[in-house]
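A.B. asks: need a structure here:
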Amino acid sequence: MQLDITTSLYLDLMKRCLLDEIYQNNIEYSPVETTNNLFKNALLKLVESRGLKIVKPQFFNAENRQTGKDWPERAHTMIGWKRLNNLQFCVEQVLKNNIEGDLIETGVWRGGATIFMRAILKAYNVNNKVVWVADSFKGLPQPNIEKYPQDRNDTFYKYKYLQVSLSQVKENFSRYNLLDDQVKFLEGWFKDTLPNAPIERLAVLRLDGDMYESTWDALSNLYPKLSIGGYTIIDDFFLENCQQAVYDYRKQHNIESEIHHIDGQGIYWQREH
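C.D. replies: So this is what the prediction gives:
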């Protein structure tokens, strides 16, 4: 497998488009989310009832976009250049070494990382792998603090910005001409969809579920399907509850594969046994 100039240019352009770096608007606008302030919440609901939104300006910052530290207004991914580069590395390695299995991301937001997975397969004319797109497509679940007390203080479920519908994600795939039969969608909470997901083997397992519960559900149901030599990527390792789920799972299953840090937020490791 060789990365020729055409493939390199295509994948570089894909990253620039997915990150919305083509135009680099000086000012972007992100929605103001609900908080514990009752007056502010009432005002937000009143404005939304009239079909409007309250937004706040944010200036484009190239460094933040590199490391995925901003929540972009238009981009199809928020994981940044370094984690996209890592994803490309992992997918190219499994292709180079003929590692058996499909590719999956659990928690896809607008679909950018999975769109990029499909683009890599397309660029290398790989027809025997599927990209699985797993998400509730309605945001994050409310914490189940009885079963997962580690998520007690999690508030991501309140963020409407993180709620992207299945139809919108499919439309985003279509915009890149990458919505085809090598893309499969798993819609629903991970606890419901992943235990019986029709996936035989995986070569790349990318987790972006933020919470302890979401991380645990993905690892416990999918890691056993990861081929030896395949890669696990944890997008939210900087979050304490996600990190704890990773450590707990690795300890319980005696996983000693070396953890590699990507950008101060995400990590990955290669399955050794």
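A.B. asks: show me what stretch 260-269 is in contact with.
C.D. replies: 66-69, 79-80, 82-83, 86, 90, 231-238, 246, 255, 257-259 (C-beta atoms under 8 Å, 6 or more residues apart in numbering). C-beta here means a position set from N, CA and C on the backbone, and glycine is covered the same way.
A.B. asks: quick one: average pLDDT of that stretch?
C.D. replies: In this model, stretch 260-269 has a mean pLDDT of 96.
A.B. asks: right, and residue 227 touches residue 100 too?
C.D. replies: Yes - using C-beta atoms under 8 Å, residue 227 is in contact with residue 100, at 4.9 Å.
A.B. asks: where does pLDDT dip in the chain?
C.D. replies: Low-confidence segments of the chain, defined by pLDDT under 70: 1-2, 24-40, 53, 55-60, 62.
A.B. asks: buried ones in the lengthiest strand in the chain?
C.D. replies: For the chain, the strand that runs over the most residues, judged by DSSP state E, is strand 226-234. Buried residues in strand 226-234, counted by 16 or more other C-beta atoms under 10 Å: 226-227, 229-234.
A.B. asks: next one: stretch 171-180
C.D. replies: Neighbour count says stretch 171-180 has 172-173, 176, 178-179 buried, by 16+ other C-beta under 10 Å.
A.B. asks: who touches that stretch?
C.D. replies: Residues beyond stretch 171-180 that count as contacts (C-beta under 8 Å, 6+ apart) turn out to be 14, 17, 76, 110-112, 114-115, 118-119, 122, 170, 183.
A.B. asks: SS state for residue 69?
C.D. replies: State at residue 69, reduced to three classes by DSSP: H, G, I helix; E, B strand; the rest coil: coil.
A.B. asks: mind checking how far it is from residue 253?
C.D. replies: 31 Å (C-beta to C-beta, to the nearest Å).
A.B. asks: do residue 238 as well
C.D. replies: 22 Å.
A.B. asks: show me where the stretch 151-273 of the chain has helices.
C.D. replies: Listed in chain order, the helices of the stretch 151-273 of the chain (DSSP state H, counting those that start in this stretch) span residues 166-175, 190-193, 212-222, 240-252.
A.B. asks: angle of the last one against strand 226-234?
C.D. replies: Put simply, helix 240-252 runs at 160 degrees to strand 226-234, going by axes from the mean of the first three to the mean of the last three C-alpha atoms, to 10 degrees.
A.B. asks: output helix 240-252 as CSV, nothing but the C-alphas.
C.D. replies: Output in CSV follows, covering the C-alpha atoms of helix 240-252 (Å, rounded to 0.1, in the frame of the first residue of the first chain):
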residue,chain,number,x,y,z
GLU,A,240,-12.0,12.0,34.4
ASN,A,241,-15.0,9.7,34.1
CYS,A,242,-14.0,8.5,30.6
GLN,A,243,-10.4,7.9,31.8
GLN,A,244,-11.6,5.9,34.8
ALA,A,245,-13.7,3.6,32.5
VAL,A,246,-10.6,3.0,30.4
TYR,A,247,-8.4,2.2,33.3
ASP,A,248,-11.1,-0.1,34.9
TYR,A,249,-11.7,-2.0,31.7
ARG,A,250,-7.9,-2.4,31.0
LYS,A,251,-7.3,-3.6,34.6
GLN,A,252,-10.3,-6.1,34.5
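A.B. asks: which helices and strands does that helix pack with?
C.D. replies: Using 3 or more C-beta pairs under 8 Å, 6 or more residues apart in numbering; DSSP states H and E as the contact test, the elements touching helix 240-252 are helix 212-222.
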